[in-house]
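S.K.: Let's see this in three dimensions:
(one chain, ligands or ions: 1)
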Amino acid sequence: MMKINSIKGMHDLFSSQTQNWKQIENLLHNFFDIHGYGEIRTPVVEKADLFNRVIGDETDIVNKEMYSWKDQGGDVLALRPELTAPSVRSYIEHSMDKRNKVAKLYYIGPAFRRERPQKGRQRQFYQYGIEAIGSEHPEQDAEVISMAYNIFNMLGVENLELVINSVGSRETKKKYSKILKEYLSDNVEDLSDVSKERYAKNPLRILDSKSKEEQNIIKGAPSILESLDDSEKKHFAQVQRFLDKLNIPYTIDPQLVRGLDYYTLTTFEIRTQSIGSQDALCGGGRYNNLVEQLGGKSIPAIGFAAGMERLMMALNLDKQTAEAKIDVFVISAGDDAVTNSLKICDTLRNQLGIKVMMDFTRGSFKSQMRQANKLNAEYVIILGEEEIKRKVGIIKTMSSGEQFEAPLDTIHKHFDVEHSKDDE
Ligand code: HAM
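M.R.: Prediction:
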């Protein structure tokens with residue numbers, strides 16, 4: 001029979017990796033918790049319209065990368081390509097605005113995009129991120145950006161580059177789109193087909209083009225920052241002032257429009273050269289119209305999301321590491337020994353919380369010893385037929401080879417740290 005493999009761009013994680021993941025996830029949970037953000041877990045599947053409506057028709061994510069299908073009931077569903085729209089959907093659905101002036105949510109979970117897989121780019125990947133929904137003020141921008149930055153900093157990621165920009169309100173974006181179109185009008189013929197289409201439907205997206213020739217054309221374009229009105233300029237200036245106060249280094253890039261259409265005012269990205277060409281560790285920004293666009297009130301918000309795999313790459317934790325060692329391995333020979341082995345494991349685990357494993361293959365003494373070595377056991381308990389007859393077991397320290405006998409019914413006490421302290 002032909003074997004079935006996982007889907008391209010979607011990967012299994014093994015315990016040699018999930019160990020590291022859990023450690024980083026724990027740090028993240030704690031980090032968000034001390035900032036007053038609460039975890040939200042939304043479904044992996046949503047109505048496709050949720051994303052169509054706010055991410056934008058002319059974006060790659062909606063246009064060609066979203067996994068969507070019609071289900072048996074006729075609804076068009078999608079695997080979430082990101083977690084901002086689902087968070088806002090939930091915020092509105094559960095009237096979170098009534099509970100807190102500013103809802104502070106965080107998430108860690110999988111997202112799906114049918115991109116061309118390469119290093120740092122997968123079709124199922126994990127995002128962690130936050131959404132602060134309810135404040136229009138620049139101090140909220142500063143909190144969110146500094147949190148995104150401080151996580152990488154705290155974990156020791158090097159060569160961090162924080163890039164910020166302001167794309168202004170919806171009206172400013174419209175105004176600037178016209179200016180950009182005018183600027184590009186002489187060069188339309190030199191643009192790629194994709195950019196030509198964007199020129200017609202969503203010219204701002206052209207600024208995001210990765211092609212060298214197009215970048216040359218775009219370089220001379222008027223800056224979106226010049227299109228900001230006074231209050232937008234002030235907002236952006238305050239964000240910068242707060243970041244300065246918090247000692248967060250950044251550069252301003254007026255071309256940073258990001259790959260999703262919902263952004264207004266502040267946008268930002270954090271990159272590092274150390275993870276290859278897919279260098280964006282995280283991205284985010286304000287989305288002051290999104291809540292309203294999804295049927296809620298007019299409520300401003302800002303957030304960011306970061307790729308877990310890219311973080312693990314940046315930390316050099318994406319390689320498989322050695323399995324964690326175990327405290328005790330129980331070796332047994334014969335039916336009676338197996339019964340005792342099960343019992344000793346049970347006591348050591350449930351009374352003392354010790355990490356203990358036993359043999360389940362009924363292998364030879366040698367093969368069981370090999371297992372113990374492979375598992376990096378600190379001690380083995382040997383229950384041979386001879387020992388069982390005499391109602392004892394042997395405790396062997398693997399590093400020194402030292403061993404001694406102990407009565408079966410109290411053998412677990414030798415592993416009770418508290419108890420042996422009392423004995424002294
Ligand atoms: P995004 O820039 O599309 O923004 O994705 C955020 C991060 O997810 C990226 O910087 C990258 O680290 C990671 N990422 C994206 N696509 C892939 C992929 N195919 N493989 C591996 N990692 C990937 C958003 O998703 C917005 N929802 C961020 C946001 C939150 N804006 C406001 N709030």
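S.K.: The stretch 151-300 of the chain: helices as residue ranges?
M.R.: When secondary structure is read from DSSP state H, counting those that start in this stretch, the stretch 151-300 of the chain shows helices at 170-184, 193-201, 212-219, 230-245, 290-293.
S.K.: swap that for the stretch 301-424 of the chain, please
M.R.: Listed in chain order (using DSSP H, counting those that start in this stretch), the helices of the stretch 301-424 of the chain are 308-314, 335-352, 365-374, 385-389, 417-423.
S.K.: looking at those helices, which is buried most?
M.R.: Compared across the helices of the stretch 301-424 of the chain, helix 308-314 shows the largest average neighbour count, a mean of 22 (mean count of other CB atoms under 10 Å). Any C-beta I mention is one placed from the backbone N, CA and C, and that applies to glycine too.
S.K.: Can you spell out which helices and strands pack onto that helix?
M.R.: helix 15-34, strand 124-133, helix 138-155, strand 280-286 (3 or more CB pairs under 8 Å, 6 or more residues apart in numbering; DSSP states H and E).
S.K.: among the ones you listed, which is nearest K396?
M.R.: Between K396 and the helices and strands packed on helix 308-314, the shortest separation by CB to CB is 25.8 Å, and it involves helix 15-34.
S.K.: what about the closest one, average pLDDT?
M.R.: Computed over helix 15-34, the mean pLDDT rounds to 96.
S.K.: ditto for stretch 38-55
M.R.: pLDDT averaged over stretch 38-55 equals 96, rounded to a whole number.
S.K.: Go through the helices and strands packed on helix 308-314 and pick out the most buried.
M.R.: With a mean of 25, the top stretch among those by mean neighbour count (mean count of other CB under 10 Å) is strand 280-286.
S.K.: and that one, is it in reach of the ligand?
M.R.: Yes: judged by CB under 6 Å from any ligand atom, strand 280-286 comes into contact with the ligand at A280, L281, C282, G283, G284, G285.
S.K.: Contact residues of the stretch 151-300 of the chain facing the ligand?
M.R.: Contact residues (CB under 6 Å from any ligand atom) of the stretch 151-300 of the chain with the ligand: G259, L260, A280, L281, C282, G283, G284, G285, Y287.
S.K.: ok, the fifth one - contacts?
M.R.: The reference is to C282. G129, A148, F152, E269, I270, F304, A305, A306, G307 (CB atoms under 8 Å, 6 or more residues apart in numbering).
S.K.: For the second one, which residues are in contact?
M.R.: Pointing back at A148 there. Going by CB under 8 Å, 6+ apart, the list of residues near A148 reads F268, I270, C282, G284, F304, A306.
S.K.: now do 6 Å
M.R.: Taking CB atoms under 6 Å, 6 or more residues apart in numbering as the contact definition, A148 lies against I270, C282, F304.
S.K.: Once you drop chain neighbours, what's closest to it?
M.R.: Spatial nearest neighbour of A148, chain neighbours left out: F304 (4.6 Å); criterion: CB to CB, 6 or more residues apart in numbering.
S.K.: State the distance from the one you found to the ligand.
M.R.: From F304 across to the ligand, the span is 5 Å (CB to the nearest ligand atom, to the nearest Å).
S.K.: Just flag the most distant two among the residues of the stretch 151-300 of the chain next to the ligand.
M.R.: Counting by CB to CB, the most remote pair of these is L281 and Y287, 19.9 Å apart.
S.K.: Quick check: Y287 touching D261?
M.R.: No: between Y287 and D261 there is no contact, the gap being 9.5 Å when judged by CB atoms under 6 Å.
S.K.: before we move on, back to that, which one of the helices and strands packed on helix 308-314 lies nearest to K3?
M.R.: Closest to K3 of these, according to CB to CB: strand 124-133, at 20.1 Å.
S.K.: mind listing what that closest one pairs with, with the direction of each?
M.R.: strand 103-112 (antiparallel), strand 301-307 (antiparallel) (DSSP bridges).
S.K.: Stretch 39-46 close to the ligand?
M.R.: No: contact between stretch 39-46 and the ligand is absent, the nearest approach being 12.5 Å (criterion: CB under 6 Å from any ligand atom).
S.K.: per-residue confidence for the closest residue to R123 other than its chain neighbours?
M.R.: With sequence-adjacent residues excluded and distances taken as CB to CB, 6+ apart, R123 is closest to G9, at 3.2 Å. Confidence at G9, expressed as pLDDT, is 98.
S.K.: number of nearby residues for G9?
M.R.: When neighbours are counted by other CB atoms under 10 Å, G9 registers 17.
S.K.: any chance of the helices of the stretch 151-300 of the chain in TSV, with distance to N159 too?
M.R.: Below are these laid out as TSV (distance: least, CB to CB, whole Å):
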stretch	distance to N159
helix 170-184	31
helix 193-201	30
helix 212-219	22
helix 230-245	18
helix 290-293	32
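S.K.: To E158, which of those helices lies closest?
M.R.: Across the helices of the stretch 151-300 of the chain, E158 has its closest neighbour in helix 230-245 (19.7 Å, CB to CB).
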